[in-house]
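Peer 1: here is a sequence together with a model predicted from it:
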Amino acid sequence: MSDKHLGTDSYKGVRDFYPEDMAVQRYIFDTWSITAESFGYERYDASILEPSELYKAKGAENEEMVNEQTYTFIDRGEREVTLRPEMTPTVARMVAGKRRELSFPIRWYSIPNLFRYERPQRGRLREHYQLNCDIFGADHYTADVETIALAYQLLIDFGAKPEMFEIRVNNRLEMRRCYEEAGVSDSETQNRITRLNDRFHKISAEQYKVALNEIVANEVITERIYTVVSGSIPEDTNEVVEGVRTLGIKNVIIDRSIARGFNYYTGTIFEIFDVSGENKRSMLGGGRYDNLTAMFSDEPVMGIGFGMGDVTMRDFLETHNLLPEGLSSTGPEVMVIPFDAECNLPAQKLASELRRATTARIATDISTKKIGKKIGDASERNVRFVIVVGENELTSQSFTIKDLRSGEETPGALGIIEGVINTR
RNA sequence: GCGGCUAUAGUUUAGUGGUAAAACUCCGGUUUGUGGAGCCGGUAUCGAGAGUUCGAUUCUCUCUAGCCGCCCCA
């Protein structure tokens, strides 16, 4: 590019939100909030900065992830700091810090922006926003049911039809039991199988079996595990799935290949997929983590929750044409147009009087364009009303408000004008 | 970290071994008290660097950036 100027592109993998993008973003966030709150979830937030230890605490595997896939730096006080890559450790920290004063179970949600240092691709950027909903302090399986029901409702409230998506549920404990019954008791081997299962739908059955046999080195075991993971047992279900169905949600299935990474989940895990096939990545995922707060205290608090990202949400809404037309702009509804620059201040004064008497968004056109141009601009920006303020109007204190939608003009004193705006 | 594709005006795209076209947008004018039109005009060292060539935006190489996949996925 030019030697003289900086580029205007945003930093790699992050987005600028111009007003039209912001309208979409706001719609998504508002819908998330309304639905989460309708289930009684309370909103919380925290800083994007956390000490790096928070993410490294559970061994070398995590340490590697922090070093390679997060934004981590040393601050001026020589502390190692990380831009949060996920919200769960933060909320676990917050809950653990107040565990004696909170009355469990609690339902909390947040819409944090999260950072990860990796190569951007479809549905995955370096910064994204993610709705996080969690229940803490409820060990009964119905907490899992409610969590999945909330995830379901979130999509429904965007106008999604149940046949557009599928909820796939698995359970860490049940998988461990499956491995043990098949004859695999070593936990490292179990983890390797879990990791392989995560790719089950990306590879062929043959490839899967070959890879599995390389791990367990036993064809009988391979066959047993394959039977379970491939879903060849039609009656395979569990109480969470049955509970969700009891609530009237039908697009839920057991999928033994669901793996959810391999970190802190201890029980139910689930993901929701777009069935259109266009977005192969899961749109939403979560699960139960019964000892995440253990790193802060000997009194662990169990939790279950999920996260859903704004990038995948937006992809889903666009794919299924679910974004509403004409999302509300925050631009002015009323434009007060001074006849010339001499009238700018009186026009601004009129605007502030109107603001006092109405709830409309009112701006004054302080450009130096000609009167016709100013009206044209207002019209183009979807302004509903214009009021021209010139010497005549100021002398007579009688104005004319014009409805650009209907072309109708209403003359009158301040009170009349306010009336027109208030009945918009 | 690995692989594939792409790079021309603000945007979306044409096009050519002899320094480039269109549409839309934007800005200005056309009209010195009232809107979306029309007309006229303006805006590009063709991503950067090097090479081949009389001559490169076009061909070759390198780099950079973006997109898409893999790995990984909190």
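Peer 2: Right, received. Where do you want to start? Numbering: from 1, shown residues only, chains lettered A, B, ... in the order given.
Peer 1: and the strand or helix carrying A:Leu317, what does it pack onto?
Peer 2: A:Leu317 belongs to helix A:310-319 when assigned by DSSP states H and E. Judged by 3 or more Cβ pairs under 8 Å, 6 or more residues apart in numbering; DSSP states H and E, the packing partners of helix A:310-319 are helix A:19-38, strand A:127-136. Just so you know, the C-beta spots here come from the backbone N, C-alpha and C atoms, and that holds for glycine as well.
Peer 1: low-confidence stretches in chain A?
Peer 2: Applying pLDDT under 70 to chain A flags the ranges A:1-5, A:58-61, A:262, A:277-279, A:328.
Peer 1: looking at it, which residue is nearest RNA strand B?
Peer 2: A:Gly261 (2.0 Å; Cβ to the nearest atom of the strand).
Peer 1: check which helix or strand covers A:Phe104.
Peer 2: Going by DSSP H and E, A:Phe104 is not in any helix or strand.
Peer 1: so it touches A:Ala138, yeah?
Peer 2: Yes. Taking contacts as Cβ atoms under 8 Å, A:Phe104 lies within contact range of A:Ala138: 7.0 Å.
Peer 1: ok, those two, which is more surrounded?
Peer 2: Legend: neighbour count by other Cβ atoms under 10 Å for A:Phe104 and A:Ala138, higher for A:Ala138 (20 against 13).
Peer 1: do you know how far the nearest residue to the more buried one once chain neighbours are set aside is from A:Arg172?
Peer 2: Nearest non-adjacent residue to A:Ala138, counting by Cβ to Cβ, 6 or more residues apart in numbering: A:Pro105, 3.8 Å away. Counting by Cβ to Cβ, to the nearest Å, the gap from A:Pro105 to A:Arg172 is 21 Å.
Peer 1: which one of these two has more residues nearby?
Peer 2: Legend: neighbour count by other Cβ under 10 Å for A:Pro105 and A:Arg172, higher for A:Arg172 (22 against 17).
Peer 1: please identify the most buried of the helices and strands packed on helix A:310-319.
Peer 2: strand A:127-136 (a mean of 23; mean count of other Cβ atoms under 10 Å).
Peer 1: burial count for A:Gln348?
Peer 2: A:Gln348, neighbours per other Cβ under 10 Å, totals 16.
Peer 1: hmm, I typed the wrong one, I wanted A:Thr237.
Peer 2: 14.
Peer 1: same question for A:Arg116.
Peer 2: 20.
Peer 1: do A:Cys178 as well
Peer 2: Neighbours around A:Cys178, by other Cβ under 10 Å: 20.
Peer 1: and for A:Tyr141?
Peer 2: For A:Tyr141, using other Cβ under 10 Å, the count is 18.
Peer 1: get me the contact residues on the stretch 101-250 of chain A for RNA strand B.
Peer 2: Listed as neighbours of RNA strand B in the stretch 101-250 of chain A under the rule Cβ under 7 Å from any atom of the strand: A:116, A:118-124, A:195, A:198-199, A:202.
Peer 1: counting neighbours, which of these comes out on top?
Peer 2: A:Arg116 (20 neighbours).
Peer 1: once you drop chain neighbours, what's closest to that residue?
Peer 2: Here the residue nearest A:Arg116, using Cβ to Cβ, 6+ apart, is A:Pro85, at 4.9 Å.
Peer 1: how about the one you found, secondary structure?
Peer 2: coil (DSSP: H, G, I helix; E, B strand; the rest coil).
Peer 1: list the contacts for it?
Peer 2: A:55, A:69-70, A:114-116 (Cβ atoms under 8 Å, 6 or more residues apart in numbering).
Peer 1: from these, keep the buried residues only.
Peer 2: A:55, A:70, A:114-116 (16 or more other Cβ atoms under 10 Å).
Peer 1: could the residues you listed go into TSV alongside secondary structure?
Peer 2: Formatted as TSV, the buried ones among the contacts of A:Pro85 follow (three-state DSSP):
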residue	secondary structure
A:Tyr55	helix
A:Thr70	coil
A:Leu114	strand
A:Phe115	strand
A:Arg116	coil
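Peer 1: ok, so of these, who is nearest A:Thr312?
Peer 2: A:Leu114 (12.8 Å; Cβ to Cβ).
Peer 1: who does the closest one form a beta bridge with?
Peer 2: Counting by DSSP bridges, A:Leu114 forms beta bridges with A:His128.
Peer 1: pretty sure it contacts A:Thr88?
Peer 2: No. Contact between A:Leu114 and A:Thr88 fails when scored by Cβ under 8 Å: they sit 10.4 Å apart.
Peer 1: what's the offset of whichever strand or helix holds A:Val81 from the middle of its chain?
Peer 2: For A:Val81, the host element (DSSP H and E) is strand A:80-83. Put simply, strand A:80-83 sits 22 Å off its chain's centre (Cα atoms, centre = their mean, to the nearest Å).
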